[in-house]
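Visitor: What follows is a predicted structure for the sequence shown.
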Amino acid sequence: SEITKGGNNMTYSTKPKMVLFDVGGTLFEDGKFSALDGLKAVREVSLNPKGSDDSSLLSLWNELEDKVRSSFPSSFELPLSATLKYVIHNSGLKFNKSVPELEEIFDRFNSPRRVIDFVPDLLKSLKDLGIRTAVISNNAMSGEGLSLALKRWLPDADFEFVLTSADFIFP
């Protein structure tokens with residue numbers, strides 16, 4: 001069959017039923033990571049933002065990272081939800097937001113991000129062609145948290161599901 005869109009012809013023996021996307025380097029380009037910036041944003045949405053300070057939150061983050069690094073290989077990463085729960089519990093901050101919402105806030109502010117050129121157009125073309133899309137990523141965020149981030153950055157995207165390795169114990 002031949003798929004035609006915008007004057008360009010692509011020939012496939014069969015039309016794909018679904019296209020799976022990764023996140024980093026595929027949908028988004030992220031700049032330098034800053035746990036401090038992400039934690040500051042999380043603190044600012046707490047019910048008691050003066051209940052802790054940014055340097056204390058970063059110290060808790062680093063404390064947990066050090067514990068993990070001393071017991072596991074350097075490439076080992078905890079799910080972001082577990083790390084945030086540890087920091088929140090030990091900081092005394094209180095929230096009326098879910099952990100996935102806090103993951104999205106942390107993610108939004110932890111690095112500069114841009115949507116890769118033409119990704120919105122590609123997603124729209126796939127949708128117009130009736131080709132389903134989904135995200136599978138080796139990501140520290142939960143699928144629910146990443147889904148919230150994707151909706152913020154790509155509001156017109158229609159991903160059937162978002163699944164991360166953090167949903168299955170460890171990123």
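Guide: Arrived safely.
Visitor: Does the most centrally placed residue in the chain lie in a helix or a strand, and which?
Guide: Nearest residue to the geometric centre of the chain (CA atoms, centre = their mean): residue 146, 3.7 Å. Residue 146 belongs to helix 143-153 when assigned by DSSP states H and E.
Visitor: Partner strands of whichever helix or strand comes after that helix and their direction?
Guide: Downstream of helix 143-153, the next assigned helix or strand under DSSP H and E is strand 159-164. If you go by DSSP bridges, strand 159-164 pairs up with strand 132-137 (parallel).
Visitor: Any buried residues in the partner strand, and which?
Guide: Burial within strand 132-137, assessed by neighbour count using 16 or more other CB atoms under 10 Å, is assigned to 133, 135, 137. To be clear about C-beta, it is placed using only N, CA and C from the backbone, and glycine gets the same treatment.
Visitor: thought the first one was touching residue 125?
Guide: In other words, residue 133. No - applying CB atoms under 8 Å as the test, residue 133 and residue 125 come out as separate, 10.6 Å apart.
Visitor: Which of the three states applies to residue 114?
Guide: Here residue 114 is recorded as strand under DSSP: H, G, I helix; E, B strand; the rest coil.
Visitor: And the pLDDT at it?
Guide: Residue 114 carries a pLDDT value of 95.
Visitor: Strands along the protein, start to end?
Guide: 2-5, 8-11, 18-21, 28-30, 113-115, 132-137, 159-164 (DSSP state E).
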